[in-house]
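Student: generate coordinates for the sequence data below:
(one chain, ligands or ions: 2)
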Amino acid sequence: MCEEKHWESDQLRRYDLDLKQIPRLRYNDPKVDELIGQNKPVVITDSNIIKTAQENWTPEYLEHNLGNVGHNVFLSKTHKFKYFDRTKMLSRSNPQGIDFVPPTKETKLKIGEFMKKLKEWKPGNDRLYLQQPLNDTVGPSLVRDFVRFDWEYVGQKQNKHNWGPLTSNLLLISQEGNVTPCHYDEQQNFFGQVYGYKRCILFPPSDFECLYPHPVHHPHDRQSMVDFDCPDYTRFPKFKNAKGFETVLKPGDVLYIPIYWWHHVESLMKGGPTISVNFWYKGGPTSLEYPLKDHQKIAITRNVEKMLLEVLQDPREVGPLLRSMVMGRYT
Ligand SMILES: O=C(O)C(=O)C[C@H](CCCc1ccccc1)C(=O)O
Ligand SMILES: [Zn+2]
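Tutor: Ligands and ions are numbered 1, 2, ... in the order given. Have a look, this model is predicted:
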């Protein structure tokens, strides 16, 4: 049936990418398990996974029920909130980390302060993004909604596909137009869209060579070096070959983001604040069966970079050593 659309294409940011659609399937469609089993993304529709949140969690409801504690809020001078690992900034053995300029600041705000800043926001002000793991600091009504997620459904998927344990649920309250730039996580992810509309662009792990991740020891480990708003095709020529998939999530949708899949997430421009909650699971045990899967090769390259840093100590020696090992021999 034709679904009414609550957004216009001019609310999406424009990128130089040709993107296919991520399939949208009803929760009880057997093809959902087929795709999850193949580590391929799928939008799960009409489920009860986050139904209680979809029914209750408006910005106003959260303002009254998120408790009176400070929550993690990122501030950015631009629309981009590029994640960085603080622990990779300080270490003396990491010269690259020392002159690293963090693109965002982190602060603690009570939900009322956060919502007030959102309402009073003017161009030129820092943009805001609340990112808070759901835990016992949230109020009792949120806990009640949370315990009434369809845990049977997600647990059934976790077991059937041999995922590891649930590690966390991140509550995300984003200002309209915010972007989380392209990165991958080392966890399986059920990404639930609760309120407002979010566009997700995904690339398979095999696009590793087209998305140029920062070195493993860099604070922006796991993030793409390519600025999607202004790609530098001289430094990143293969970016043109990236073959991506996209979807616009509406409230109630749950997007399966497979482990190691690249994803860029944006809250629609002029769409008001958005609310999401994700479910991060450790990856399952991977037996080394040949041919190796793409994501296993990524894991191996990460281990090589870590071992080399461990033994060389200075990250500036890792590149030259790898180059001397490969040039003229494996090229
Ligand atoms: O659920 C996911 O994996 C996403 O990327 C969702 C993303 C925010 C995630 C922020 C983040 C990125 C990297 C490390 C830790 C936290 C969004 O919705 O904007
Ligand atoms: Zn992510």
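
Student: now the closest residue to ligand 1 within the chain: phi and psi?
Tutor: The chain approaches ligand 1 most closely through Thr180 (3.3 Å), counting by CB to the nearest ligand atom. For every residue, glycine as well, the C-beta is placed using N, CA and C. Main-chain torsions, Thr180, degrees, to the nearest 10: phi -100, psi 110.

Student: quick one: pLDDT of it?
Tutor: Here, the pLDDT recorded for Thr180 equals 99.

Student: bridge partners for the nearest residue to it once chain neighbours are set aside, pull those for me.
Tutor: Spatial nearest neighbour of Thr180, excluding adjacent residues (CB to CB, 6 or more residues apart in numbering): Val265 at 4.4 Å. Applying DSSP bridges to Val265 gives these bridge partners: Thr180, Cys200.

Student: hmm, Val265 is touching Val179, no?
Tutor: Yes - contact status for Val265 versus Val179: in contact at 7.2 Å, counting by CB atoms under 8 Å.

Student: how about stretch 55-66: buried residues?
Tutor: 56-57, 59, 61-62, 65-66 (16 or more other CB atoms under 10 Å).

Student: can you add distance to ligand 1, pLDDT and secondary structure and give those residues back as JSON lines?
Tutor: Putting those into JSON lines (distance: CB to the nearest ligand atom, whole Å; pLDDT from 0 to 100; DSSP: H, G, I helix; E, B strand; the rest coil) gives the following:
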{"residue": "Asn56", "distance to ligand 1": "20", "pLDDT": "98", "secondary structure": "helix"}
{"residue": "Trp57", "distance to ligand 1": "15", "pLDDT": "98", "secondary structure": "coil"}
{"residue": "Pro59", "distance to ligand 1": "16", "pLDDT": "98", "secondary structure": "helix"}
{"residue": "Tyr61", "distance to ligand 1": "20", "pLDDT": "97", "secondary structure": "helix"}
{"residue": "Leu62", "distance to ligand 1": "16", "pLDDT": "97", "secondary structure": "helix"}
{"residue": "Asn65", "distance to ligand 1": "21", "pLDDT": "93", "secondary structure": "helix"}
{"residue": "Leu66", "distance to ligand 1": "18", "pLDDT": "93", "secondary structure": "coil"}
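
Student: please consider this matter closed, and thank you.
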